[in-house]
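*Asks:* Next input, structure requested:
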Amino acid sequence: MVILVGLGGGTNSGKTTLCKRIVSEMSNLKIFVFNQDKYFKTLEEAQLSFPGVPVNWETCPALKMDLLVRDVIEKRDEGKYDVVIVEGHLVLTHQPLASLFHLTFYITLTYELALRRRLTRTYDPPDYPGYFETFVWPGYLNIVSGIRGNADLNPVWLDASDPEACFEALCEAVLLEIKKH
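*Replies:* Model (predicted):
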């Protein structure tokens, strides 16, 4: 059986870095990682979802979520992997995707840490002035509130300021889930 893991978290919370470490250090397992960032629509495609207003890249309409769901199901059904991790800031908010996961995790972080890390990154298209304050941070707060209010989701909450604890919690949960199956 393939274990499906949903790893959500705020922007720049360390999701991708954590996945790279999991793959590297759990090399005895066959692990495949989907990065939600690979499923963003092009600017032209996204503008169709946001006519007359700036694109909000922090919401599902900016992504090809149906394609991601289809790809995850295909990868699961191939049966070539022990674990499939789907990581991204919205992976726990899209019900058709979230319903596939055996394990869910959400990495939280402070405003200061999110902003500091975001300022070190380059985005295409680039963030315009005020984007973080207008869309990124309010979007993150809405996502956290929605997840906490969803009785069907019960993620393990992780803290981005402690990457080692994030790694240990995810590894332990994956290994326990594998033993169950």
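*Asks:* helix, strand or coil for Asn12?
*Replies:* Per DSSP: H, G, I helix; E, B strand; the rest coil, the local secondary structure of Asn12 is coil.
*Asks:* so who does it touch?
*Replies:* Residues in contact with Asn12, defined by C-beta atoms under 8 Å, 6 or more residues apart in numbering, are Leu109, Leu113, Ala114, Arg117, Arg118, Arg121. Where you see a C-beta, it was placed from the backbone N, CA and C, and this is true even at glycine.
*Asks:* Give me the three-state assignment for the last one.
*Replies:* Look at Arg121: counting by three-state DSSP, its state is coil.
*Asks:* Next one, pLDDT for it please.
*Replies:* pLDDT, Arg121: 92.
*Asks:* Relative to Glu112, how far out is the nearest residue to it once chain neighbours are set aside?
*Replies:* Closest residue to Arg121 apart from its sequence neighbours, by C-beta to C-beta, 6 or more residues apart in numbering: Asn12 at 6.7 Å. Separation of Asn12 from Glu112 (C-beta to C-beta, to the nearest Å) stands at 12 Å.
*Asks:* and what of Ile31?
*Replies:* Taking C-beta to C-beta, one finds Ile31 at 32 Å from Glu112.
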